[in-house]
Structure formats: structure tokens, C-alpha cells
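Engineer: Sequence and predicted structure, then a few things I'm wondering about:
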Amino acid sequence: MIALLALAACTGGDQFTYSGYSMGEFFPFDGQRTWTFTNADASVANTVVATLNSEPEVPETGLFIFNVDYTLGCVDEATDTDTPACTGEGDPFRIANMRWSSDTARGVQIHSFTDAAGTATTFDPPILLADKRGGVSNSWTTATNDGTYVSTFSSIGDCPVLMTVDWTDCIRIHLDDDGDEATPVTKPLHGDWYAVAGFNVIGFQLTGDTGRWELSNTTFTN
């Protein structure tokens with residue numbers, strides 16, 4: 001049975017050393033996990049439900065790559081719980097799938113994403129969202145076949161969640177390009193990603209989002 005995650009603090013405050021935070025601890029992909037996000041913009045009727053496929057791909061490099069599917073849900077105003085998607089059960093979000101890895105030696109990487117139309121973009125090399133260790137203001141640049149991506153550890157602090165939890169050490173990572181500021185390149189994964197140790201992504205606001213998507217429910221089982 002899938003159990004709700006304990007609503008206990010998971011601050012990660014003791015993982016910081018002179019060399020920075022252990023970034024992989026913010027992006028765990030163990031067990032079976034789901035995350036439900038509600039938009040801070042009240043005019044957005046849908047939720048986004050992210051579901052981890054617990055069976056990883058294991059290419060020749062030995063790196064475990066995990067698939068996360070993103071579908072639309074709908075907030076039931078009467079009970080404030082999630083119901084099947086407003087526009088049809090199982091409809092994808094603008095991003096239908098992402099392939100992630102989180103490795104103590106190679107950091108946190110995004111290997112590909114698939115949009116709602118089913119078009120997949122594979123990154124060669126993968127986008128380095130965070131190195132194995134990092135601190136506030138650190139940046140990582142990846143020149144891929146899809147252009148250059150720059151990931152910046154912007155801040156750490158209070159967590160943008162709608163759950164009753166006492167999380168205070170959420171990291172914010174900003175992903176964009178390394179182009180001309182006057183004419184920036186914008187891509188679907190650009191924007192802000194928030195994560196807390198032990199729970200993975202707990203919020204995001206990406207290109208085209210009217211408001212920030214904030215964690216409103218999460219489940220986990222080993």
C-alpha cells in the first residue's frame with residue numbers, strides 16, 4: 001500500500017560542509033514515489049501529478065536513469081482532493097516525461113524530456129542540473145546538442161509547498177541559457193526548480209507557467 005510520506009522535517013541542514021551540499025540528496029529516486037503540484041495561480045484549475053517509474057534504465061555507463069511521467073489532475077473544489085484530469089484522465093502536462101539521474105559521482109542530470117505531443121528531446125551530453133556538491137551561487141554549464149544550458153544554485157531557504165510541513169532548507173536552482181540577455185533563448189525546461197533533501201522536487205515555475213507549481217501531496221513506498 002502506498003503510504004503518505006511522514007510530514008516530518010527533512011532539513012538537510014547537517015549535510016553542508018566546506019565543499020558544499022551533497023546535491024544528490026535533494027534528488028532521490030528510490031522506491032515508488034508520486035508528487036502532486038497545485039499552481040499558486042488560483043485561476044489554474046489543474047494539478048500536475050508526477051509519477052516515478054521505480055525501474056531504472058541502466059545503460060552501458062552503469063548510470064541509473066529514472067523516468068518520471070507528468071499528467072494533469074484536477075482539484076475537486078468540494079473536497080480539495082485530486083480527481084481524474086479535468087481534460088481527460090491521463091492527459092499529459094506540457095512536459096509529459098523527463099529522464100533523470102542522481103549519482104554521487106556524476107551529480108544530478110537531465111537526460112531527456114518529452115512534450116505533450118510526444119516529441120522527445122534527448123540531451124547529449126545530459127544537462128548537469130547540479131554537480132555532486134554545490135553551494136549557493138555555484139553555476140554549471142552544459143553545451144548540448146540542444147544548445148547551452150546554465151544551471152545556477154540560486155538560494156536555499158523556506159519551501160514553497162502547500163503541505164503542513166516544517167521544511168526550511170529547500171534549494172532553488174535556476175536553469176536558463178547562456179545567450180544574449182537582450183534576446184534570451186527560452187526552452188521548456190528553463191525556469192526555477194525547488195527541492196528538499198529526501199523528497200526530490202517540491203516546486204517549479206518554468207517557461208510559460210502563470211504561477212509556481214507547489215507540492216500539495218506526495219506518496220512514497222519502498
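Structural biologist: Cool, the structure landed.
Engineer: what mean pLDDT does the helix or strand hosting Thr36 have?
Structural biologist: Assigned by DSSP states H and E, Thr36 falls within strand 32-39. For strand 32-39, mean pLDDT rounds to 95.
Engineer: Packing partners of it?
Structural biologist: Strand 32-39 sits against strand 46-52, strand 200-206, strand 213-221, with contacts defined as 3 or more CB pairs under 8 Å, 6 or more residues apart in numbering; DSSP states H and E. All C-beta atoms are positioned from the backbone trio N, CA, C, and that covers glycine.
Engineer: Please produce CSV containing the ones you listed, extended by mean pLDDT, mean neighbour count and distance to Asp131.
Structural biologist: Formatted as CSV, the helices and strands packed on strand 32-39 follow (pLDDT from 0 to 100; neighbours: other CB atoms under 10 Å; distance: least, CB to CB, whole Å):
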stretch, mean pLDDT, mean neighbour count, distance to Asp131
strand 46-52, 94, 21, 23
strand 200-206, 97, 22, 17
strand 213-221, 95, 20, 25
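Engineer: any chance of these in a markdown table, plus distance to Thr61?
Structural biologist: A markdown table is the format used below for the helices and strands packed on strand 32-39 (distance: least, CB to CB, whole Å):
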| stretch | distance to Thr61 |
| --- | --- |
| strand 46-52 | 21 |
| strand 200-206 | 22 |
| strand 213-221 | 27 |
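Engineer: between those, which gets nearest to Thr168?
Structural biologist: strand 200-206 (12.3 Å; CB to CB).
Engineer: right, so of the helices and strands packed on strand 32-39, which gets closest to Ile127?
Structural biologist: Using CB to CB, these put strand 200-206 closest to Ile127, at 13.5 Å.
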